[in-house]
Structures are given as C-alpha cells and as structure tokens.
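*Asks:* Have a look; sequence and predicted model below, questions after that.
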Amino acid sequence: QVQLVESGGGLVQAGGSLRLSCAASGRTFNNYGMGWFRQAPGKEREFVAASSSGGIIYYADSVKGRFTISRDNAKNTVYLRMNSLRPDDTAVYYCAARAWRVPTIHVSDYWGQGTQVTVSS
C-alpha cells in the first residue's frame with residue numbers, strides 16, 4: 001500500500017511560481033512511475049506531467065516550458081515546479097503513482113487527496 005500526500009498549493013498571482021510536493025509512503029518508491037494531474041471546476045481531470053520509474057519525463061503541451069517535474073527517490077518525493085502561472089492553471093492538483101509504469105488518468109494504482117492551486121489575474 002502506498003499513501004500519497006500532496007502539499008504546496010496556494011494562491012498566487014499570474015506570472016508567479018509554486019512548487020508542489022508529493023510525499024509517498026512505502027519502501028519501493030523507485031519502482032513507481034509518478035504523475036501530476038489537475039482538475040479545474042466543471043472540467044475533467046487532465047494530465048499535467050509524469051516521470052517514469054526510469055526517469056523519462058512527459059509533459060502536457062499546455063505546461064511545457066513552464067512546469068518541471070522532478071523526483072527525489074531518497075526522500076520518496078516527487079515535485080512539480082510551476083513557473084509563469086496563468087489563471088487557467090487554477091485547479092486541484094493530484095499526485096498519482098503506478099507500479100513500473102507511468103500513471104494515466106484511467107490507470108493509476110494510487111492517488112493523493114489533491115492540493116488547490118489558485119492563480120489570480
């Protein structure tokens with residue numbers, strides 16, 4: 001069993017930055033692909049970024065060049081650095097984990113509870 005706990009959300013002005021963290025319990029963090037997803041009010045959950053267990057990185061087109069996903073396997077933590085934030089980045093951000101594969105919206109083994117990010121114009 002893996003528990004995921006997100007933190008780092010908050011209110012920021014457009015153009016600002018935030019760093020989200022997702023701390024995972026368990027001793028096999030290295031074996032999990034990790035991902036970030038978000039869900040804005042009235043919209044479906046969407047993919048943001050992911051890191052495979054082997055370190056291959058993926059980004060949604062909407063965040064390329066602005067967001068950076070990274071992981072610290074020693075700390076069992078995955079991060080999402082968000083720069084140049086825009087009002088349309090406002091959403092609840094969720095962390096997900098999937099053993100040996102990159103998590104997707106429809107296939108993930110574990111989800112965090114989410115952290116709210118609000119970007120004001």
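*Replies:* Great, that's in hand. Numbers count the residues shown, from 1 in each chain.
*Asks:* mind checking how far S21 is from D109?
*Replies:* Distance, S21 to D109, by C-beta to C-beta, to the nearest Å: 19 Å. For glycine as for every other residue, the C-beta is placed from the backbone atoms N, C-alpha and C.
*Asks:* right, I mislabeled it, should have said R19
*Replies:* 24 Å.
*Asks:* same thing with Y94?
*Replies:* Applying C-beta to C-beta to Y94 and D109 gives a distance of 13 Å.
*Asks:* And the residue nearest the centre of the chain, how far from S121?
*Replies:* Centroid-nearest residue in the chain, with C-alpha atoms, centre = their mean: W36, separated by 2.4 Å. The gap separating W36 from S121 is 23 Å, by C-beta to C-beta.
*Asks:* can I assume S25 is in contact with K75?
*Replies:* No: with contact defined as C-beta atoms under 8 Å, S25 does not reach K75; the gap is 12.0 Å.
*Asks:* residue contacts, L11?
*Replies:* Going by C-beta atoms under 8 Å, 6 or more residues apart in numbering, L11 touches 118-120.
*Asks:* With T90 as the reference, measure out to it.
*Replies:* According to C-beta to C-beta, L11 and T90 sit 10 Å apart.
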